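Participant: below is the sequence, then the predicted model.
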Amino acid sequence: MEDPADAPTPFANVAAQTTLLAQRYQFYLDQSTPFVFYRWVGSATLLFFFMLRIILSQGWYIVCYSLGIYLLNLFLAFLQPKFDPSLEQDMKERESEEGGVGGELPTRQDEEFRPFIRRLPEFKFWYSATKATVIAFVCTWFSIFDVPVFWPILLLYFCILFAITMRRQIQHMIKYRYLPFDLGKVRYARRSN
């Protein structure tokens, strides 16, 4: 005879199904990892339909603005190095003031190569951007998120914010001499004899 205490509870069934769904979701995410171009095309298509919904419905501008600010924040994290050179420089200056001798990393072209490691990897950037776009799209289905705002001011503010932050980021890249993009393998011209 089976003990009634050993019978699975409804909560255990729900937990098991949730775990199974999470594992399937993670499996498909893992399968999509090598297809960078197709992932970004899918995200761009989703963003296009979101923007089309905003334009045609003439509402939910605050949701669109929030998504734009979040995507800008993700993009900046994608462009920044994991280890900020300005902080490293401050530490070196502090160590030299204290009389300590720290191991220095190369800063010139003839010194050792240092690879660029992003603060936000490409996959996490794509995943976060896609999730945010889906959430924003779902928010446009509910009128509670349709806050009345004067959209030209939001657009102007976003453009100014984008220009200022990108200018600052580009100045930082120039000052500390790093390039967040891989331009591929260097090819040299053939020597003509």
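Facilitator: Arrived safely. Note that this is a predicted model, so its numbers are computed, not measured. Numbering: from 1, shown residues only.
Participant: for Ala44, give me the pLDDT.
Facilitator: Ala44 carries a pLDDT score of 97 in this model.
Participant: same question, Glu98
Facilitator: At Glu98, pLDDT is 66.
Participant: for Met166, same thing?
Facilitator: 91.
Participant: measure how buried it is and give me the count.
Facilitator: Other residues near Met166 come to 14 when the count uses other Cβ atoms under 10 Å. C-beta: built from backbone N, CA, C; applies to glycine.
Participant: also Phe50?
Facilitator: 20.
Participant: contacting residues for the residue nearest the centre of the chain?
Facilitator: Centroid-nearest residue in the chain: Phe125, 2.8 Å away (criterion: Cα atoms, centre = their mean). By Cβ atoms under 8 Å, 6 or more residues apart in numbering, Phe125 lies in contact with Leu74, Phe75, Ala77, Phe78.
Participant: kindly confirm my reading that Val149 is in a helix.
Facilitator: No - going by DSSP: H, G, I helix; E, B strand; the rest coil, the assignment for Val149 is coil, not a helix.
Participant: ok, back up a step: nearest to Leu179, of the contacts of Phe125?
Facilitator: Using Cβ to Cβ, Phe78 is the member of the contacts of Phe125 that sits closest to Leu179, with 13.3 Å.
Participant: list phi and psi for that closest one.
Facilitator: For Phe78, the backbone dihedrals (degrees, to the nearest 10) come out as phi -70, psi -30.
Participant: lowest-confidence helix or strand of the chain?
Facilitator: The helix or strand with the lowest mean pLDDT-type score in the chain, counting by mean pLDDT, DSSP states H and E, is helix 85-97 (a mean of 67).
Participant: quick revisit: neighbour count, distance to Phe48 and secondary structure added to the contacts of Phe125, as a markdown table?
Facilitator: Formatted as a markdown table, these follow (neighbours: other Cβ atoms under 10 Å; distance: Cβ to Cβ, whole Å; DSSP: H, G, I helix; E, B strand; the rest coil):
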| residue | neighbour count | distance to Phe48 | secondary structure |
| --- | --- | --- | --- |
| Leu74 | 18 | 18 | helix |
| Phe75 | 17 | 17 | helix |
| Ala77 | 16 | 23 | helix |
| Phe78 | 18 | 20 | helix |
